[in-house]
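> what follows is a predicted protein model with its sequence.
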Amino acid sequence: MATSTSLGRTREVELPGGRIRYHDTGEGPPVVFVHGLLVNADLWRKVVPAIAAAGYRCLAPDWPLGAHEIPVPAADLTPTGVADLIAAFLERLDLRDVTLVANDTGGAITQVLLARNRSRIGRVVLTSCDSYEDFLPKPLNALPIIARIPGSVRLLTETMRIRALHRLPIAFGWVAKRPVPREIADSYLLPSRKSAAIRQDVRRVLKTLNRGYTLAAAEHFGEIALPILVVWAAEDKIFAVANAERLVRDLPGATLRLIDDSYAFLPEDQPELLSAAILEFTRLHATP
């Protein structure tokens, strides 16, 4: 699970299909963070403190996307299933008028959620993420096929023991412009390395990822009247800026902010600029 103390208290909640851990700090309107594949709430460790200090309650779950420590064998880990898990989390904690902040695969899942159930969501921040035909994008689009091969996930996790490989495109090289600290990389990679049950969860997630989910969600974009901030890395190597511009054209309440000197992991590369953008957006669209 995520290890950074800056994320606040660690708690657990029972949801349909399993139990997840989440991190909770601050008081005020709720901001819920949605990370992507093979990372956990540590992705937000440099963003949460600034948002909480500004008067918000920050909740950063370790979603069951491969860097979690509690297996969820009974959970639906398709993109629609994980979207429903997020909706159940908001309901179980009775969170209302939520600001959702999502990155990477979490952004795709958030798009699916917006198309299915946005009753408790007040506004959304989509940072560099999968969308439209690019779910998964190159060079990661072979992962669902690889995951169908028995033993493949274990081979991948064992390969990542070699820290020199972490800068390759299949690891962190194309999502983080600067090296991910050793302890953070370990929090992402060790759960699947240590647990066969977590590796099975990873396989179940990977096998279902395909563009059908994001394209189906996009058919509903015209119905989504929520304020949405699209924050994209101008130098993104995986998620094309053209997709960010397309999201802003298709989502009626969307605006675009480009951030320089970063790859897709904006919370890692440019946490101060991202935090400032989130706070400006939430204040502009605060509920009266």
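In hand now; what should we look at? Numbers count the residues shown, from 1 in each chain.
> make sure Thr282 is actually in contact with Ala50.
No - taking contacts as CB atoms under 8 Å, Thr282 lies outside contact range of Ala50: 11.8 Å. (C-beta placed from N, C-alpha, C; glycine too.)
> out of these two, which sits in the busier spot?
Thr282 (23 against 18; other CB atoms under 10 Å).
> what kind of secondary structure is the more buried one in?
helix (DSSP: H, G, I helix; E, B strand; the rest coil).
> pLDDT score for it?
On pLDDT, Thr282 comes in at 98.
> show me the shaky parts of the stretch 151-288 of the chain.
The stretch 151-288 of the chain contains residues with pLDDT under 70 at 151-155, 157-171, 173.
> just the strands in the stretch 51-200 of the chain please.
Secondary structure of the stretch 51-200 of the chain by DSSP state E, counting those that start in this stretch: the strands cover 57-61, 98-104, 121-129.
> just to revisit the earlier point, which neighbours do Thr282 and Ala50 have in common?
Common neighbours of Thr282 and Ala50 (criterion: CB atoms under 8 Å, 6 or more residues apart in numbering): none identified.
> which residues are in contact with Ile238?
128, 137-140, 174-175, 263-264.
> am I right that it is in a helix?
No - Ile238: not assigned to a helix; according to three-state DSSP it is coil.
> and Ala67, how many neighbours?
So Ala67, with other CB under 10 Å, has 26 neighbours.
> now it: closest residue in space that isn't a chain neighbour?
Nearest residue to Ala67 in three dimensions, chain neighbours excluded: Asn40, at 4.0 Å (CB to CB, 6 or more residues apart in numbering).
> what do you get for Ile278?
Val125 (5.5 Å).
> burial measure for the one you found, as a count.
With other CB under 10 Å as criterion, Val125 counts 25.
> across the sheet, point out what pairs with it.
Val101, Leu229 (DSSP bridges).
> circling back: who wins on neighbours among the contacts of Ile238?
Most crowded among those, counting by other CB under 10 Å, is Ser128 at 30 neighbours.
> if I look at the closest residue to that one other than its chain neighbours, how far off is Val13?
The spatial neighbour of Ser128 that comes closest, neighbours along the chain excluded (CB to CB, 6+ apart), is Ala264 at 4.1 Å. If you measure Ala264 against Val13 using CB to CB, to the nearest Å, the figure is 28 Å.
> repeat for Asp24
With CB to CB as the criterion, Asp24 and Val13 are 10 Å apart.
> can you report how many residues lie near Ser195?
17.
> residues touching it, list them.
69, 71.
> just want the most central residue of the protein.
His35 (2.1 Å; CA atoms, centre = their mean).
> correct me, but that residue touches Leu65?
Yes - the pair His35 and Leu65 qualifies as a contact (CB under 8 Å) at a distance of 7.0 Å.
> shared neighbours of the two, anything?
Gly106.
> this protein: helices as residue ranges?
Using DSSP state H, the helices of the chain run over 48-53, 79-92, 105-116, 143-147, 152-159, 182-194, 196-206, 211-218, 241-250, 266-269, 271-284.
> among the ones you listed, which is nearest Ile224?
helix 105-116 (5.4 Å; CB to CB).
> now do the buried residues in that closest one.
105-115 (16 or more other CB atoms under 10 Å).
> now Cys129: closest residue in space that isn't a chain neighbour?
Nearest one to Cys129, counting by CB to CB, 6+ apart, is Gly107 at 2.3 Å.
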